[in-house]
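Student: Any chance you can model this:
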Amino acid sequence: MRLLRKVFFWSVLVCLFAAMGWLFHQYSKRPDYKPSNKIVHIVKNNNQFTLIRNGQPFEIKGAAGSSNFQILSEIGGNTIRVYDTVNLKAVLDEAEKFNLAVIVDIPIPNYHKDYFNYQNKNLQNNLKESVKSLVNQYKNHPALLMWNLGNELHFPITPFANEFNTTYKELINIIKTEDPNHPLSVTTEGSRSKTLFLFFNFPEIDIYGFNTFGALHETEEKLKTLKPVYGKFPFFISEWGCNGPWEVSSNSWGATTEPFSSEKVNQLIRNYNFIKILNTGSSIGSLLFYWGHKHESTHTWFSMFDRENKPSHQIKTLEQLWKDRATSNLLFNIQDITINNHNSAENLVFKPTDTLNAQINFTYLADSLNNNQLTFKWELYPEIWHYRFRDYEKTAIKTQLISTKKVTSSIEFRTLLREGPYRLFVNIYDSNNYFATANLSFYVLEKP
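Tutor: Numbers count the residues shown, from 1 in each chain. Take a look at the predicted model:
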């Protein structure tokens, strides 16, 4: 028994020394954050991280998306994050034209046997070659700010070696070797376990990005729970905006309640104020999501532009926040949208033959405004909230509205629809073509 105890004691001691040695070895690979002659780098001085670009401090203030660079620059933005490397040369050139720095996402597959098999050596090698080629092709472009290797990656959190972790480390080494002049970041949903795992297993990463929306007010407290590494790395809010579909209520068939534009404006103001009071020693900036038109749960949830590239009223709010203006340029405030006097807080169920009256209720915020200065666009889509995790979310096909009156702030229409869930949208455009939007969902049931 005494011998077994000794064996156990020495085994534990050896394991502890091995773990400490591993941690020391990993920590020795961390960036030193010292001044250098690199084009873009991070400097740490008195526990303050600063992003340096072309010899000058640079605070990330921009958006994540793919279009309308001129408007982004005009309202005070200095950075665009792009998720797609297709036509990257044109993107970088356009960004440079409007004095925008570019964070280039390098998309890599999640660890999932149904989507990408990291055990397949051919797939691994093709991935590494494509990343190497991409970095070498664009590493000298003056608009490049940094590389971001993967967005909200899903991977096994385990101390044991596996194909994904090995490949990811090799990709990091390729990027850092081929382009030592630009930092490397990775973005997550702010997961504590992911952040700690990435910090200790991939110490070469320079910067961490956190995608966070309605939970922005919790970010500082979450960071403090990372006690072993809190304050040891720079970070930026890589996506922020209004509350996401996962943060709102839903009705009895699972359709989420999207905030009206007026609610989104208030959420932007609130969330931006939370960003401003984040740990100023480690935070190097933030990016609004989404600068462009994108379908995510709906086509209006995060989009700052409509399909015709007309801008949202939220852009005016963003300009006020970035330029620290107290005045509002909004012309009206959406209060509610109803069908037959029932709103989105209710489970709206109708028969296929029902005639419905939809109404958008709003108040004017400008005395000179009158009804003739506003135009209304109503659209009806089948609801598509039921898509598999990690699958591409397809945009619904618009259903023809059978209107019985002129399209204004109210519209009367017949459903004549097949049984199932639908969502009715309305965009309100002012005389400058800025729009606000609202929608609500309903269900068509043949035999209610």
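
Student: Do I have it right that Arg53 meets Val43?
Tutor: No. Contact status for Arg53 versus Val43: not in contact, 11.3 Å apart, counting by C-beta atoms under 8 Å. Where you see a C-beta, it was placed from the backbone N, CA and C, and this is true even at glycine.

Student: For those two, work out which one has more neighbours and name it.
Tutor: A direct count of neighbours by other C-beta atoms under 10 Å for Arg53 and Val43 places Arg53 higher, at 20 against 16.

Student: Share the number of residues neighbouring the nearest residue to that one once chain neighbours are set aside, please.
Tutor: Excluding its sequence neighbours, the residue lying closest to Arg53 (C-beta to C-beta, 6 or more residues apart in numbering) is Val40, at 5.0 Å. Close neighbours of Val40, defined as other C-beta under 10 Å, add up to 17.

Student: One more: Asn46?
Tutor: Neighbours of Asn46 using other C-beta under 10 Å come to 5.

Student: ok, now which ones touch the closest residue to Ser283 other than its chain neighbours?
Tutor: With sequence-adjacent residues excluded and distances taken as C-beta to C-beta, 6+ apart, Ser283 is closest to Phe235, at 6.2 Å. Neighbour list for Phe235: Ile207, Tyr208, Gly209, Phe210, Leu223, Ser282, Ser283, Ile284 [criterion: C-beta atoms under 8 Å, 6 or more residues apart in numbering].

Student: Which per-residue confidence value corresponds to the spatially most central residue of the chain?
Tutor: Geometric centre of the chain, nearest residue: Glu239, 3.6 Å, by C-alpha atoms, centre = their mean. If you check Glu239, the pLDDT there is 97.

Student: May I have the secondary structure class of it?
Tutor: Put simply, Glu239 is strand when judged by DSSP: H, G, I helix; E, B strand; the rest coil.

Student: Bridging across strands, which residues link to it?
Tutor: Under the criterion DSSP bridges, Glu239 forms beta bridges with Asn211.

Student: That one touches Leu216, doesn't it?
Tutor: No. Using C-beta under 8 Å as the test, Glu239 is too far from Leu216 to be in contact (10.5 Å).

Student: Surely Gln267 touches Glu258?
Tutor: No. Counting by C-beta under 8 Å, Glu258 is not a contact partner of Gln267; they are 11.7 Å apart.

Student: Those two: which has the busier surroundings?
Tutor: Using other C-beta under 10 Å, the more surrounded residue of Gln267 and Glu258 is Glu258, with 24 against 20.

Student: where are the low-confidence patches of the stretch 151-300 of the chain?
Tutor: Across the stretch 151-300 of the chain, the ranges flagged by pLDDT under 70 are 279.

Student: Glu204: how many residues sit nearby?
Tutor: The burial count for Glu204: 14, using other C-beta under 10 Å.

Student: Not counting sequence-adjacent ones, nearest residue to it?
Tutor: Leaving aside its sequence neighbours, Glu204 sits nearest to Ile172 (C-beta to C-beta, 6+ apart; 5.2 Å).

Student: Likewise for Phe197?
Tutor: Using C-beta to C-beta, 6+ apart and skipping the chain neighbours, the partner closest in space to Phe197 is Ile157 (4.8 Å).

Student: can you confirm that neighbour is in a helix?
Tutor: No. Counting by three-state DSSP, one finds Ile157 to be coil, located in no helix.

Student: and it, what is it in contact with?
Tutor: Ser193, Lys194, Phe197.

Student: Just the closest of the residues you listed to Lys128, please.
Tutor: Ranked by distance to Lys128 (C-beta to C-beta), the contacts of Ile157 are led by Phe197 at 21.5 Å.

Student: Three-state assignment for that closest one, please.
Tutor: helix.

Student: Distance check, it against Ile42.
Tutor: 21 Å (C-beta to C-beta, to the nearest Å).

Student: Between those two, point out the one with more neighbours.
Tutor: Ile42 (21 against 18).

Student: what about the closest residue to Ile207 other than its chain neighbours, which helix or strand?
Tutor: Closest residue to Ile207 apart from its sequence neighbours, by C-beta to C-beta, 6+ apart: Ser185 at 4.0 Å. If you go by DSSP states H and E, Ser185 is part of strand 184-188.

Student: likewise Ile334?
Tutor: Element membership of Ile334 [criterion: DSSP H and E] is strand 332-339.

Student: Contacts for that strand next, please.
Tutor: Residues outside strand 332-339 that contact it (C-beta under 8 Å, 6+ apart): 260-262, 343-344, 348, 350, 356-366, 369, 374, 424, 426, 428, 430, 436, 438-440, 442.

Student: Would you list the buried entries among those residues?
Tutor: In terms of neighbour count (16 or more other C-beta atoms under 10 Å), the buried residues within the contacts of strand 332-339 are 260-262, 344, 348, 350, 358-360, 362, 374, 424, 426, 428, 430, 436, 438-440, 442.

Student: Show me the common contact partners of Arg53 and Val43, please.
Tutor: By C-beta under 8 Å, 6+ apart, no residue touches both Arg53 and Val43.

Student: if we can go back for a sec, could you check how far the residue nearest to Ser283 is from Ser36?
Tutor: When C-beta to C-beta is applied, the distance between Phe235 and Ser36 equals 20 Å.

Student: do Phe213 as well
Tutor: Going from Phe213 to Ser36 by C-beta to C-beta gives 35 Å.

Student: When the two are compared, which one has more neighbours?
Tutor: Shown here are Phe213 and Ser36; by other C-beta under 10 Å, Phe213 has more neighbours (20 against 13).

Student: and the spatially closest residue to Tyr118 that is not a sequence neighbour, what does it touch?
Tutor: Leaving aside its sequence neighbours, Tyr118 sits nearest to Glu163 (C-beta to C-beta, 6+ apart; 3.7 Å). Contacts here follow C-beta under 8 Å, 6+ apart; on that basis Glu163 touches Tyr118, Gln119, Gln124.

Student: Give me the phi and psi for the residue nearest to Ser344 when sequence neighbours are not counted.
Tutor: Nearest residue to Ser344, sequence neighbours excluded (C-beta to C-beta, 6+ apart): Leu440, at 3.9 Å. Here is the backbone geometry of Leu440 (degrees, to the nearest 10): phi -150, psi 160.

Student: Check the one 3 residues further on too.
Tutor: Tyr443 adopts backbone torsions of phi -120, psi 140, taken as degrees, to the nearest 10.
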